[in-house]
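Peer 1: requesting a structural model of the entry that follows:
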Amino acid sequence: MTAINRIGVLAHPTRPQTAPIAEDISASLQAHGVDTWLYTHWDADDVKPHLQDTDMVIAIGGDGAMLRSARVCAPYRVPVLGVNMGYLGFLTEIASPDHWDVALADVLAGNFWVEQRMMIETTVWKDGQSAVTGEGLNETVIGRGSVTRLIRLNAYIDGGWITTYSADALIIATATGSTAYALAAGGPILPPQMRNILIVPVAPHLSLDRPIVLPEGVMVEVVVAPETQGETVVAVDGEQLAEIAPGDRVCVKMSDHVSRFVRLREPTYFYRSLLDRMEPRIAAPPAPERRQL
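Peer 2: Numbers count the residues shown, from 1 in each chain. Below is the predicted model of the structure:
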């Protein structure tokens, strides 16, 4: 394992409660002789200049913090170690901020491995011209805006038409995203090492209602049908990329970049972690008092 000489520490920019943990981690790293940089409030432009010679980034927060950090770090091949201070923490490795010191000792001793996960690239085309491009780790969602009307979307795979969806939205997800919005919409669970693209419609009406799992390397194209009257938006990992209109085209394909995550658990961690979160965690309410009638 390559020696760890420089580590960045990122608190969640909109959760002030993560800043003290980030500061404590940074101080501990420096005490161990590790060159460290720290941001408690940041955006991509703040972080990018530091990544060229950084060996690892530690992100504090939940899955949102991991998505944000992974997207910034992926082009620089910098792995991310997550400390969970969110709700689910599917992507984080350290389950609680109370345990970061033990985990950090393992990291500095080289007792970790790096997991790679596929990302997707989404390009919006308007009038035959590329308008905007974004990368995501979870999913691209093409959905209705503020007006509660169905949207109609013509879907193509590698240039061949497959169907027209009438739905609230269409999710185009990675294996990582299969446990996010796509799972809530009834999609299958894909192990994170798979490099497939998953298509899942949300609340389809009289159109294809089954998820489709596509092989590695395909191009998914979605064109807003002329019959769509309401506002339509494209979001990548929960952040709006663009508003689109009938005739506009959204192209989604595997990205040239991959996200890297620092793992301390065994490579089969995913299945146990998934079941721990999906099994009931809420205690049953007390039975109602029986009264004699």
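Peer 1: where does the prediction get shaky in the stretch 1-150 of the chain?
Peer 2: For the stretch 1-150 of the chain, the stretches with pLDDT under 70 are 1-2.
Peer 1: spell out the residue ranges of the helices in it.
Peer 2: For the stretch 1-150 of the chain, the helices defined by DSSP state H, counting those that start in this stretch cover 19-31, 44-51, 63-73, 100-108.
Peer 1: check the ones you listed for me and report the most buried one.
Peer 2: Ranked by mean neighbour count, those are led by helix 63-73 with a mean of 25 (mean count of other Cβ atoms under 10 Å). From N, CA and C alone the C-beta is placed, and that goes for glycine too.
Peer 1: related to what we said a few turns ago, save the helices of the stretch 1-150 of the chain as a markdown table, and put in distance to Ile172 too.
Peer 2: Putting the helices of the stretch 1-150 of the chain into a markdown table (distance: least, Cβ to Cβ, whole Å) gives the following:
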| stretch | distance to Ile172 |
| --- | --- |
| helix 19-31 | 33 |
| helix 44-51 | 23 |
| helix 63-73 | 16 |
| helix 100-108 | 34 |
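Peer 1: figure out which of those helices is closest to Arg195.
Peer 2: helix 63-73 (16.0 Å; Cβ to Cβ).
Peer 1: show residues contacting the closest one.
Peer 2: 10, 12, 15, 18, 44, 47-48, 51, 57, 59, 79-80, 82, 86, 88-92, 119, 135-138, 180, 237-238, 259-261 (Cβ atoms under 8 Å, 6 or more residues apart in numbering).
Peer 1: repeat for stretch 155-166
Peer 2: 150-154, 170, 199, 201, 204-208, 212, 214, 218-223, 225.
Peer 1: now with 10 Å, please.
Peer 2: By Cβ atoms under 10 Å, 6 or more residues apart in numbering, the surrounding residues in contact with stretch 155-166 are 142, 150-154, 170, 172, 197, 199, 201-209, 212, 214-215, 217-223, 225, 227-228, 249-251, 253.
Peer 1: in strands, which of those residues appear?
Peer 2: If you go by DSSP state E, the contacts of stretch 155-166 have 142, 151-154, 170, 172, 197, 199, 201-202, 212, 214, 220-223, 249-251, 253 in strands.
Peer 1: could you list the domains of the chain?
Peer 2: 6-112+264-278, 119-256 (automatic domain parsing).
Peer 1: return the distance of the longest one from the chain's centre.
Peer 2: Computed by Cα atoms, centre = their mean, to the nearest Å, the chain-centroid distance of domain 119-256 equals 15 Å.
Peer 1: ditto for stretch 252-259
Peer 2: Per Cα atoms, centre = their mean, the centroid offset for stretch 252-259 relative to its chain is 12 Å.
Peer 1: ok, stretch 35-53 next?
Peer 2: 20 Å.
Peer 1: and if you look at stretch 95-112?
Peer 2: On Cα atoms, centre = their mean, the centre of stretch 95-112 falls 23 Å from the chain's centre.
Peer 1: endpoint to endpoint, that stretch covers what distance?
Peer 2: By Cα to Cα, to the nearest Å, the extent of stretch 95-112 from end to end equals 16 Å.
Peer 1: give me the contacts around it.
Peer 2: Here stretch 95-112 has contacts from 1-4, 7, 17-18, 20-22, 24-25, 28-29, 32-34, 56, 58, 60, 79, 81-85, 89, 93-94, 261-265, 273, 276, using Cβ under 10 Å, 6+ apart.
Peer 1: what's the neighbour count on Tyr121?
Peer 2: In this structure residue 121 is Glu, not Tyr. Glu121 has 17 neighbouring residues, counting by other Cβ atoms under 10 Å.
Peer 1: for it, which non-adjacent residue is closest in space?
Peer 2: Spatially, and ignoring its direct neighbours in sequence, Glu121 is nearest to Ser255 (4.3 Å; Cβ to Cβ, 6 or more residues apart in numbering).
Peer 1: what ranges do the strands span in the stretch 51-200 of the chain?
Peer 2: 56-61, 80-84, 113-126, 129-136, 139-144, 151-157, 160-167, 169-173, 197-202 (DSSP state E, counting those that start in this stretch).
Peer 1: could you save the ones you listed as a markdown table and add columns showing distance to Ser69?
Peer 2: Listed next are those as a markdown table, based on distance: least, Cβ to Cβ, whole Å:
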| stretch | distance to Ser69 |
| --- | --- |
| strand 56-61 | 4 |
| strand 80-84 | 5 |
| strand 113-126 | 13 |
| strand 129-136 | 13 |
| strand 139-144 | 17 |
| strand 151-157 | 31 |
| strand 160-167 | 31 |
| strand 169-173 | 19 |
| strand 197-202 | 23 |
